[in-house]
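K.L.:
Build me a structure from this.
(one chain, ligands or ions: 1)
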Amino acid sequence: MILIDGKKIAAEIKREIAVEVKNIIENGGKRPHLAAILVGHDGGSETYVDYKIKDCEEVGFTSSLVRYEDNVAEEELLAKIQELNNNDDIDGFIVQLPLPKHISEQKVIETIDPKKDVDGFHPVNVGRMVIGLPSFISATPFGIVELIKRYNIETSGKNCVILGRSNIVGRPMSVLMSQKSINATVTVVHSQTKNMEEICRNADILIAAIGVPEFVKGNMVKEGAVLIDVGTTRVPSAETKSGFKLKGDVLFSEVAHKCSYISPVPGGVGPMTRVALLNNTLLSAKKTIYC
Ligand code: GUN
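P.N.:
Residues are numbered from 1 along each chain as shown. Below is the predicted model:
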């Protein structure tokens, strides 16, 4: 069994991005610039945005943070998004989610210029991804595909079963895994699926993104399967300083020894999601997706 080391691969990708930035600057180009909009003071969101800014520094990007109190009017936020859309110095930006209830997240997402939508949430980017056009791919799907590629995991003709059909993981993963560059045969399993265990046992590649801790048990996994665990449920723990720990969707103790490859939680898919944003910002700065 090979443990998929997301931390190591994420560090590798960051080093590659830093080298590209250095080359751009040495050739007289502009430093890639990522901006983030943060509304309110939610602890989790503050931490995520801090990480994003630190990641930018690490690879040599410029970063900007725009902050609003949580009573900001939707109109004011949308006007700021338009301003960032029109600011030629900014290559890409994100609006950290969730937003306060009086602001429509969908309206916010659809106001972002798809060319600067480095989160890959805009329907134009999702639609382009579905029909195989260059697009910004959202963080988790990017992270999973990159792990599969960098571990040279065979995908062509393999049965890939995806547990979960969310818009941010299961659904886009099902599209990416069936594309010609990956060539897997894909089944999406969800709450109304019959014979779920049997379908999972037929998977060469099982991607668990159901959000239920330790849902995938030993009897759901075939010998030699590749297992990608996307679960990140916070559960209380007396063992950690923070008072909680992350649990994956896979019962690791029953499943790991049956697998050819397995991504652990933490340290598997999680670290890869952070580099997706850096990768998309670099692609945007290089005008790779939209010429
Ligand atoms: N909140 C949690 N994850 C994300 C993300 O990937 N992007 C944004 N914008 N907000 C988030």
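K.L.:
going forward, measure contacts between C-alpha atoms and count neighbours the same way
P.N.:
Will do.
K.L.:
Helix, strand or coil: sort out L277 for me.
P.N.:
helix (DSSP: H, G, I helix; E, B strand; the rest coil).
K.L.:
Pull the contacting residues for it.
P.N.:
Shown in contact with L277 (Cα atoms under 8 Å, 6 or more residues apart in numbering): 118-119, 139.
K.L.:
can you list the residues you listed in CSV and add pLDDT, distance to the ligand and neighbour count?
P.N.:
Converted to CSV, these look like this (pLDDT from 0 to 100; distance: Cα to the nearest ligand atom, whole Å; neighbours: other Cα atoms under 10 Å):
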residue, pLDDT, distance to the ligand, neighbour count
V118, 98, 9, 31
D119, 98, 6, 23
A139, 97, 6, 25
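K.L.:
Check whether whichever strand or helix holds I81 comes near the ligand.
P.N.:
Per DSSP states H and E: I81 is located in helix 74-86. No: judged by Cα under 6 Å from any ligand atom, helix 74-86 makes no contact with the ligand; its nearest approach is 12.9 Å.
K.L.:
State the mean pLDDT of that helix.
P.N.:
Taken as a whole, helix 74-86 has a mean pLDDT of 98.
K.L.:
Specify the local secondary structure of the closest residue to the ligand within the stretch 151-291 of the chain.
P.N.:
For the stretch 151-291 of the chain and the ligand, the shortest gap (Cα to the nearest ligand atom) falls at T273, measuring 7.6 Å. Per three-state DSSP, the secondary structure class of T273 is helix.
K.L.:
ok, it touching A139?
P.N.:
Yes: judged on Cα atoms under 8 Å, T273 makes contact with A139 at a distance of 4.6 Å.
K.L.:
which non-adjacent residue is nearest R165?
P.N.:
R171 (4.9 Å; Cα to Cα, 6 or more residues apart in numbering).
K.L.:
I should have written L251 there, sorry.
P.N.:
In space, L251 is closest to E214, 4.3 Å off (Cα to Cα, 6+ apart).
K.L.:
does that neighbour belong to a helix or a strand, and which?
P.N.:
According to DSSP H and E, E214 maps onto no helix or strand at all.
K.L.:
for R67, same thing?
P.N.:
strand 62-68.
K.L.:
how about that strand: buried residues?
P.N.:
Under the neighbour-count criterion of 16 or more other Cα atoms under 10 Å, strand 62-68 has 62-63 buried.
K.L.:
what angle separates it from helix 74-86?
P.N.:
170 degrees (axes from the mean of the first three to the mean of the last three Cα atoms, to 10 degrees).
K.L.:
What separation do you get for L147 and S178?
P.N.:
Separation of L147 from S178 (Cα to Cα, to the nearest Å): 16 Å.
K.L.:
Comparing the two, which shows the higher neighbour count?
P.N.:
L147 (22 against 18; other Cα atoms under 10 Å).
K.L.:
Check whether that one really touches G6, as I assumed.
P.N.:
Yes: between L147 and G6 there is a contact under Cα under 8 Å: 7.2 Å.
K.L.:
residues shared between the contacts of those two?
P.N.:
Contact criterion Cα under 8 Å, 6+ apart; residues bridging L147 and G6 by contacting each: V269.
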